[in-house]
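*Asks:* Only the shape, not the letters, is given here:
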């Protein structure tokens, strides 16, 4: 059973470009979470999605950031007009059910560098 | 609001000695507590969790953690450290109701010396 998959693993963008990060949850998981990790810091929650629904986006910046989890295909985190401060590792996690007692399984992350 | 504190940025221990990585939390309801480990340039790996029941929970790779409600702590422990345990450890919490997202501590780097 493949784990959570994220691609690309590394992404370099110039300021002002768009970044698209993809996440395929574990098989059978329909709940996806995105987190951001700045260097030497813990993970900060961004958004929680189920198929075709955004459940909680309280951690997502109001501008330039968007996320989706379509009926078919991976979840996408999109950052428009990237700035240097967006440089970070972005992790996706999935869980089989929304119950709080279930642990989340994390992907290897996408390391975004904005030049 | 919920929060997690990991008071030590780094813990150094000799191989074969017991290790403890500290974590305290703050939530307004019943906590669900988790420990994750992160190796360089990798994602987080789940180690163990406390949901309910026994205060001492056992997890992967010989790790265990003790839930202490009165001290609001969930310290990670291992009786005998290995060099391969050297990594970054994160404590996380969520409440039993409401928000599903995990709140993470800032992480503790464990260095096990041979």
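*Replies:* Sure, I can see it. Because the structure is a prediction, the values reported are computed rather than measured.
*Asks:* residues from chain A in reach of chain B?
*Replies:* Residues of chain A lying close to chain B by C-beta under 8 Å from any C-beta of the partner chain are A:4, A:6, A:31, A:33, A:35, A:40-45, A:48, A:55-56, A:58-59, A:91, A:93, A:98, A:100-101, A:103-109, A:111. To be clear about C-beta, it is placed using only N, CA and C from the backbone, and glycine gets the same treatment.
*Asks:* now do 7 Å
*Replies:* Residues of chain A lying close to chain B (C-beta under 7 Å from any C-beta of the partner chain) are A:33, A:41-43, A:45, A:48, A:56, A:59, A:91, A:98, A:100-101, A:103-109.
*Asks:* Could you list which of the residues you listed belong to strands?
*Replies:* Mapping the residues of chain A next to chain B onto strands (DSSP state E) picks out A:33, A:43, A:45, A:48, A:56, A:91, A:105, A:106.
*Asks:* So, low pLDDT: which residues of chain A?
*Replies:* Within chain A, the stretches with pLDDT under 70 are A:1, A:98-101.
*Asks:* same thing but 80
*Replies:* Within chain A, the stretches with pLDDT under 80 are A:1-2, A:40-41, A:97-102.
*Asks:* now do chain B
*Replies:* Looking at chain B by pLDDT under 80, you get B:1, B:41, B:95-100.
*Asks:* re earlier: among the residues of chain A next to chain B, which ones are buried?
*Replies:* The neighbour-count test (16 or more other C-beta atoms under 10 Å in any protein chain shown) marks A:33, A:42-43, A:45, A:48, A:56, A:59, A:91, A:100, A:103-109 as buried among those.
*Asks:* out of those residues, what pair is the most spread apart?
*Replies:* Spanning the widest gap among these are A:100 and A:108, at 24.6 Å by C-beta to C-beta.
*Asks:* And the buried ones among the residues of chain A next to chain B, which is closest to residue B:27?
*Replies:* Lowest distance from residue B:27 to those (C-beta to C-beta) belongs to residue A:100, with 11.1 Å.
*Asks:* which residues does residue A:35 bridge with?
*Replies:* Counting by DSSP bridges, residue A:35 forms beta bridges with residue A:45, residue A:91.
*Asks:* Quick one: end-to-end distance for stretch B:69-79.
*Replies:* Stretch B:69-79 has its terminal residues 22 Å apart, counting by C-alpha to C-alpha, to the nearest Å.
*Asks:* Thank you kindly, that will do.
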